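*Asks:* Everything below, folded, please.
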Amino acid sequence: MVLTSTSCPSCGRPMEDTQSACEWCGAKQAKSLVTPDQYGDLLVKGIIAANVIYYLLSLYMSRHRGFSGNPLSFLSPDQNSLLLLGASGTVPVLELGRFWTLISASYLHGGLLHILFNMMALRQIGPWVSSEFGASRMFIIYTLSGVSGYLASCLAGIAFTIGASASVCGLIGALFFFGKSRGGNYGAAVSREVSGWLVSLVLFGLVMPGINNWAHGGGIVGGALLAMLLGYRERRPEKAIHRLMANLCLIATLLILTYAAYMTLALRFR
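*Replies:* Next comes the predicted model:
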């Protein structure tokens, strides 16, 4: 979805679409909610590709691909393959000491619809967050809000959990903070849109079995806090520290996913 501002985000007076700033108060013209961002779009596609690859790998490693009655579990990998590839929760993290699963769990899914819904949401929300925060800050929020969601799961006693939804919820939390912080017509439009998503998440979590609401909540809170700490483009341009943090998140993610895949395949073919 693409929304454009037809009035000043600060004073509310009319603006031409071609104006870069308000002639009344000097405020900058609001951008569309989704602005083309080459690096951000490429990064989102890369995250989606990694999720698809690991979903296919988890199916390949499974002895049984089943359907438990939950629509989200159609074409589901078995629990053993998910555990080996980096599922999170109290069992992997607290009992087995696999703390790296706080990152890897965001790249694993329990069924075809599960990954489809999450990747559709990411494809819509990721470029939007990238356009407002920049690609580096978007990836930091995506990675660390996933960690915060799965930490919340562990504290809540969730034994076994997977999915990109904690990270996607972190992006939603970042947009919610952005809308409230920015204000004006554009900020209000963002807040209304994101509030609808938040309500839908709560309702979905209440009616669907197997939804990890702790991960969703932890991701939303983590994303909002990270957005507040990192800032967004209109008020704070991306700096070298943001790019460094994003690169560290990327290196950690690649190392963890590579390690999980290597160890799992090594067990399969030994």
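*Asks:* From now on I want contacts and neighbour counts done on CA atoms only, so please keep to that.
*Replies:* Noted.
*Asks:* now Ala159, what's its secondary structure?
*Replies:* Look at Ala159: counting by DSSP: H, G, I helix; E, B strand; the rest coil, its state is coil.
*Asks:* what sits against it?
*Replies:* Ser88, Gly89, Thr90, Val91, Pro92 (C-alpha atoms under 8 Å, 6 or more residues apart in numbering).
*Asks:* so what pLDDT did it get?
*Replies:* Listed pLDDT for Ala159 reads 94.
*Asks:* swap in Thr6?
*Replies:* 45.
*Asks:* in the strand or helix carrying Ala246, what counts as buried?
*Replies:* Using DSSP states H and E, Ala246 falls within helix 240-269. The neighbour-count check on helix 240-269 (16 or more other C-alpha atoms under 10 Å) flags His242, Arg243, Ala246, Cys249, Leu250, Ala252, Thr253, Ile256, Leu257, Ala260, Ala261, Thr264 as buried.
*Asks:* Out of the contacts of Ala159, the closest to Leu155 would be?
*Replies:* Thr90 (8.0 Å; C-alpha to C-alpha).
*Asks:* picking that back up, may I ask which of the contacts of Ala159 has the most neighbours?
*Replies:* The most crowded member of those, judged by other C-alpha atoms under 10 Å, is Ser88 (32 neighbours).
*Asks:* Check which helices and strands the lowest-mean-pLDDT helix or strand in the chain sits against.
*Replies:* Lowest mean confidence among the helices and strands of the chain (mean pLDDT, DSSP states H and E): helix 184-207, at a mean of 82. Applying 3 or more C-alpha pairs under 8 Å, 6 or more residues apart in numbering; DSSP states H and E, we find helix 184-207 packed against helix 165-182.
*Asks:* repeat that with 10 Å
*Replies:* Packing partners of helix 184-207 (3 or more C-alpha pairs under 10 Å, 6 or more residues apart in numbering; DSSP states H and E): helix 165-182, helix 213-230.
*Asks:* ok, back up a step: so which of the buried residues of helix 240-269 sits lowest on pLDDT?
*Replies:* Across these, the smallest pLDDT goes to Thr264, namely 89.
*Asks:* ok so, going back, can you put the contacts of Ala159 in a markdown table and add pLDDT and secondary structure?
*Replies:* Output for the contacts of Ala159, formatted as a markdown table (pLDDT from 0 to 100; DSSP: H, G, I helix; E, B strand; the rest coil):
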| residue | pLDDT | secondary structure |
| --- | --- | --- |
| Ser88 | 96 | strand |
| Gly89 | 95 | coil |
| Thr90 | 96 | helix |
| Val91 | 95 | helix |
| Pro92 | 95 | helix |
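*Asks:* wait, which of those is closest to Ser131?
*Replies:* Once C-alpha to C-alpha is applied, the member of the contacts of Ala159 that ends up nearest Ser131 is Ser88, at 30.4 Å.
*Asks:* The least confident helix or strand of the chain to helix 213-230, inter-axis angle?
*Replies:* Helix 184-207 and helix 213-230 meet at an angle of 160 degrees, taking axes from the mean of the first three to the mean of the last three C-alpha atoms, to 10 degrees as the criterion.
*Asks:* what comes up buried for helix 184-207?
*Replies:* Buried residues in helix 184-207 (16+ other C-alpha under 10 Å): 184-191, 194-195, 198, 201, 205.
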